[in-house]
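Asker: Need coordinates for the below:
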Amino acid sequence: MTEEKALHLLTHTPVFSGANREEVQSLARLGSFLTLRRGDHLFREGEAVTRLYIVQTGSVRIYRLSRGGTRELTLHVDGPRQLVALVAAFQSRATYPGSAQALQTPTELLSLPLHEVRQAVFHSPSLSQAMLGYFARRQSELIGRIDRLVFSELSGRLAAYLLEQAPQPHQLPTNSELAALLGTVPELVSRKLGEFYRLGLIRLERRQVHIVDEAELRRLAED
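Answerer: Next up, the predicted model:
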C-alpha cells in the first residue's frame with residue numbers, strides 16, 4: 001500500500017512525472033510516509049540533509065531566523081506535490097539553509113533516502129533534465145519574489161501569492177506567517193484579504209481561499 005501511494009505521488013510530481021517508470025518505481029519502494037501536526041518541524045536550519053521530502057497533503061513553510069533569533073523570514077511555502085528544500089539536497093555541503101515547519105494538521109510527506117535519489121538523478125538523463133528545469137523554475141520564482149518585495153505594493157504581492165496556489169482551494173497560513181512571507185505586518189494582511197473579499201476577487205471559508213476573479217488578481221500582480 002505504501003509503495004503504491006508513493007508511486008502515485010512521484011508520478012504526479014513534476015520532477016519525477018516524466019521519468020522512466022522503472023526508475024520511479026525503484027524509488028517508491030524505498031519511500032516511507034510521515035505525518036506532522038501544525039507547528040511541528042520537519043528539519044532545522046543547519047542540519048545535514050539525509051532525506052528528500054515531497055508534500056502529499058498540507059503545506060510546509062521554509063524560513064530563516066535572524067542571528068539574534070528574534071525575527072523570521074519566510075522563504076517560501078511548499079504544498080502538495082512539491083519537493084521540500086530540493087536545492088539543498090544537491091549542494092556539495094548538504095545542509096539545510098532554513099527550517100521547515102508544518103502549517104496544517106495533518107501535513108503528510110513522502111520521505112526518500114537522499115543517496116538513492118541522487119544516484120537515480122545522476123544515472124538518468126530524463127531525471128537530470130527534469131531536475132535542471134525545476135532548479136530554473138525555482139530561480140525564476142525567487143527573482144520574481146524579490147522583485148515583488150522591492151517594487152510591488154502589498155496588493156500585488158498578495159495577489160501573486162494567491163495565484164501561485166491556484167487552481168486548487170488553498171489553506172491560508174496565519175496572518176503572521178503570511179505577513180512574514182510577503183514582507184509586511186499581520187494587520188495589513190488582514191485588511192488586504194478583507195478588501196479582496198469585499199471586491200469579489202476571492203471567497204474565504206475558514207481560511208480556505210478560493211479564487212473568484214483570476215483576471216483582476218493577475219492584473220494586480222503584474223502592476
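Asker: which strands and helices sit next to the helix or strand bottoming out on mean pLDDT in the chain?
Answerer: Sorting the helices and strands of the chain by mean pLDDT, DSSP states H and E puts strand 170-171 at the bottom, at a mean of 78. With contacts taken as 3 or more Cβ pairs under 8 Å, 6 or more residues apart in numbering; DSSP states H and E, strand 170-171 sits against strand 208-211. C-beta coordinates here come from the backbone N, C-alpha and C atoms, glycine included.
Asker: still on that earlier bit, return the list of strands paired to the least confident helix or strand of the chain, each annotated with direction.
Answerer: With DSSP bridges as the test, strand 170-171 is paired with strand 208-211 (antiparallel).
Asker: And the strand it pairs with, what's buried?
Answerer: 209, 211 (16 or more other Cβ atoms under 10 Å).
Asker: what residues does the helix or strand just after that strand touch?
Answerer: The helix or strand immediately downstream of strand 208-211 is helix 214-222, counting by DSSP states H and E. The contact list for helix 214-222, computed with Cβ atoms under 8 Å, 6 or more residues apart in numbering, reads 148, 152, 155-156, 159-160, 162-163, 166, 196, 199, 201-202, 211.
Asker: Which one of those residues is nearest to Leu30?
Answerer: Ala166 (32.6 Å; Cβ to Cβ).
Asker: re earlier: out of the contacts of helix 214-222, give me the one that has the most neighbours.
Answerer: Ala159 (27 neighbours; other Cβ atoms under 10 Å).
Asker: Next, the contact list for the residue most central in space within the chain, please.
Answerer: Nearest residue to the geometric centre of the chain (Cα atoms, centre = their mean): Asp78, 1.4 Å. When contacts are counted by Cβ under 8 Å, 6+ apart, Asp78 touches 55, 59-62, 84.
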